[in-house]
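> Kindly generate the corresponding structure for this input.
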Amino acid sequence: MTLEEKNIVKELFNLNVSDNGTRSCLTMALKSARLHTGRNIFSGVDERNLFNDFIAENDLLHSEYFTGLSIYLILLEQIGCVFKKKDYQENDITNGIKIALENFTAQTIDIEQIEAIKGLRNTLTHNFSLTSDKYENKKKPINKKRYKFTLNFDDDQQLIKFNLKWNGVYDKSDENNTIIGVKKLCELVENVYSNLNYEFQNGNIELRIKEINEIKARFTII
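Numbers count the residues shown, from 1 in each chain. Model (predicted):
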């Protein structure tokens, strides 16, 4: 990695305003995700016990977690868009979430789980919903996976629990839902970010986007 590349990576990891007056979109997303899920915005330490009275009194806990999880999933995709390990062999699939999880998590994440996380990212960030388009929608590719999700906020809920495949019927039954352990998924993205930093410090990453000006234009603000 060249000196210029190292400097832009350090700028992207900077949790504060850089000396040149820029802010990193990556760390803005990280801090916002932490804020909405009750974590310390600088360290990522879980501080849910400090959620304020306003959130409790107005029943905003689930709303905050929906928002925070959405931002975590955007962050996860951004990490895979920009970074990879030096020895990672890319193929013709360049989805950022897949690349981030294959490069920067110590957890065993199989392709079925990755597809579900990608599906959740799409449903939440496109229209803040919990279902994909119906199977009858002929405009969608026939092999595209579709999901009906349940978000579970229990501390001990597993990362993803697969039930029966969704049949395209809109109902609130859990029988054919994919159940997401929200807190486990947020923790997974935190670990991805931590591992990314570790690999950078050890000289093991490279930029997937080679033009520094493109990175600055897309992922920083002044």
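> Flag the shaky bits of the chain, pLDDT-wise.
Along the chain, the parts satisfying pLDDT under 70 run over 93, 134-144.
> which residue is nearest the centroid of it?
residue 73 (2.2 Å; C-alpha atoms, centre = their mean).
> Please give me every residue in contact with that one.
Neighbouring residues of residue 73 by C-beta atoms under 8 Å, 6 or more residues apart in numbering: 97, 117, 120-121, 124-125, 189. (C-beta placed from N, C-alpha, C; glycine too.)
> For ChimeraX, write the select line for the buried members of the residues you listed.
With 16 or more other C-beta atoms under 10 Å as the burial test, the buried ones among these are selected in ChimeraX as follows:
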select :97,117,120,121,124,189
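> Out of the contacts of residue 73, flag the one nearest to residue 51.
Nearest to residue 51 among the contacts of residue 73: residue 189, at 19.4 Å, using C-beta to C-beta.
> Residue 222: which of the contacts of residue 73 is nearest?
Distances from residue 222 to the contacts of residue 73, taken by C-beta to C-beta, are shortest for residue 125, at 25.0 Å.
> so which helix or strand takes in the nearest residue to the closest one once chain neighbours are set aside?
Using C-beta to C-beta, 6 or more residues apart in numbering and skipping the chain neighbours, the partner closest in space to residue 125 is residue 70 (5.6 Å). Residue 70 is part of helix 61-82, with elements assigned from DSSP states H and E.
> distance between the next helix or strand after that helix and the chain's centre?
Following helix 61-82 in sequence order, the next helix or strand is strand 83-85 (DSSP H and E). Computed by C-alpha atoms, centre = their mean, to the nearest Å, the separation of strand 83-85 from the middle of its chain amounts to 16 Å.
> Help me confirm that residue 61 comes into contact with residue 55.
Yes. In this structure, residue 61 is within contact of residue 55 by C-beta atoms under 8 Å, at 6.0 Å.
> still on that earlier bit, pull the distance from the helix holding residue 70 to the chain's centre.
Mean C-alpha position of helix 61-82 versus that of the full chain (C-alpha atoms, centre = their mean) differs by 4 Å.
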